[in-house]
Structures are given as structure tokens and as C-alpha cells.
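J.: Give me coordinates for this.
(one chain, ligands or ions: 1)
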Amino acid sequence: MEIKRYEEKYKDDVRFVCLNSNGPCKLNEKQQHLILTTYCDYFIEQEGNNCFVAVNKDDKAVGYILCAENYDKYKKIFRKEYLTRFRKIEISSRITAGVSSFFQAMYKKNYPAHMHIDILPEYQRLGLGHKLVDALCENLRAKGVKGVCLTMWSGNEKGGSFYKKYGFTLLSKWLITDVFALKF
Ligand SMILES: CC(C)(COP(=O)(O)OP(=O)(O)OC[C@H]1O[C@@H](n2cnc3c(N)ncnc32)[C@H](O)[C@@H]1OP(=O)(O)O)[C@@H](O)C(=O)NCCC(=O)NCCS
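T.: From the prediction side, this is the model:
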């Protein structure tokens, strides 16, 4: 297993991981569109240089860490080019997509970057998560970025345990959302 910087050739693998990191995807087409647009496509299409993949021996990406290094830049492009993709879907989809942004905006001063990490089930708990965060941190530090945050569904025990073990700080808990962050 190897950690590599994201390249276009991994796009389909990354989109697959995004939908299947908690087991085989049971979402309908509309829901898949929402998840991919909100948590995946912006990052790989606009900030591939801030994204890393874990690849297996067949050079297939089985996990990733995706990051937007500056919240204001992300907001501008996401709102204009990605959030608008939900106009033809129901309003609740747009609201879901907006919740994460609310927290990222709140903490952007100390944590201008935000990230998403996912690994296919059969490759979890092998240390890849730690290696992916290491790769991202090194990349962000080299750019002078001060810190990175993320939002997580508070029922995600695996994720919560992982972030605490790595050294992330739990910044806040609000309804069903936990906000974790790491300062450099
Ligand atoms: C959360 C995730 C990214 C962690 O990556 P990973 O490669 O599995 O984690 P690592 O092997 O680097 O670190 C292992 C630690 O992560 C946590 N962890 C990973 N899998 C776990 C599991 N099945 N149950 C409980 N804790 C788990 C534990 O803290 C574990 O330490 P331990 O083995 O000493 O208990 C990965 O498990 C994953 O993709 N999960 C599903 C999707 C997800 O929840 N993404 C985060 C959304 S915010």
C-alpha cells in the first residue's frame, strides 16, 4: 500500500470510495449525487493538489483524504459551481450541503482548511488513515496553512475514535454534528 498525491486517473476510484466506505452503497441516484457533489467533486476537481490517495498493489485508490486549503476560496467556487447543481433537486439537499459550510466558516480563522477522509472497509484499521493525515499535514504545513478542521456525524464512533487517537481536538458538538480540528 502506498500514499500518493491525487491524479485524475484515480477519479472513478475516489468517487467509488466516497459512496462505499461504510459498506456497499444503498443510496438512490439523487442521494449519490448529493454526497458526491458535497464531499468529493469540488475537492478533486478544484484542489487535486491538496488531495491524497492510498493505492493498492494494482494502483487502485482504496482510500483518500480530500482537502480545501482555504475556506473563502472554497465557499466562492462551491457556491457558484457546485451548490447550484442542487437547484433541480429538493431544497433539503441544499440545506444538508450547507450545514458543513456553516461550521467551516465559524472556525476558518484558526483552521482555514477543511478535509474529508474515507477508506474502503477491507482496508480500514491498517494504519492508512494515519498515513493519509500525515501526508495532508505535511502538504499544508509546507504551504503555511495554520490548521485543518472537519465535521462529522456524532454517531460515527470509528471516526471519532480515529480523530482523537491521531490528536485532533473536538472543538464543538452541535445536535448531530461534531467538529474536530488540528492546528499546525
Ligand atoms: C475513520 C477512518 C478514516 C480511519 O482510518 P483507518 O485507516 O481505519 O485508521 P488507522 O488504521 O489509521 O487508525 C486506527 C484507529 O482508527 C479507529 N478505528 C478504525 N477502525 C475502527 C473500527 N472499526 N472500530 C473502532 N475504531 C476504529 C481506532 O481509533 C483505531 O485505533 P485502534 O485500532 O488502536 O483502536 C476509516 O476507518 C474510515 O474510512 N471509516 C469509514 C468512513 C468514515 O467514518 N470516515 C470519516 C468520516 S468523518
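
J.: need the contact list for the residue of the chain found nearest the ligand.
T.: For the chain, the residue closest to the ligand is Gly129, as judged by C-beta to the nearest ligand atom, at 2.3 Å. C-betas here are computed from N, CA, C, even on glycine. Contacts of Gly129 were listed using C-beta atoms under 8 Å, 6 or more residues apart in numbering, and they are Gly63, Ile117, Ile119, Phe162, Tyr166.

J.: cool, Lys76 as well?
T.: Counting by C-beta under 8 Å, 6+ apart, Lys76 has no contacts.

J.: State whether it is indeed within a helix.
T.: Yes - checked against DSSP: H, G, I helix; E, B strand; the rest coil, Lys76 lies within a helix.

J.: Show me what from the protein comes close to the ligand.
T.: Those residues of the chain that sit near the ligand, judged by C-beta under 6 Å from any ligand atom, are 21-22, 117-119, 124-130, 152, 156, 158-159, 161-162, 165.

J.: Please, a ChimeraX command that selects the buried ones among these?
T.: Remark: buried members of the residues of the chain next to the ligand, expressed as a ChimeraX selection using 16 or more other C-beta atoms under 10 Å:
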select :21,117,118,119,124,128,129,152,159,162
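
J.: hang on, the earlier thing: in which helix or strand does the residue of the chain closest to the ligand reside?
T.: Gly129 belongs to helix 128-142 when assigned by DSSP states H and E.

J.: Which is the succeeding secondary structure element to that helix?
T.: Remark: after helix 128-142, the chain's next helix or strand is strand 147-153, criterion DSSP H and E.

J.: What residues sit buried inside that next one?
T.: Within strand 147-153, the residues that count as buried by 16+ other C-beta under 10 Å are Gly147, Val148, Cys149, Leu150, Thr151, Met152.
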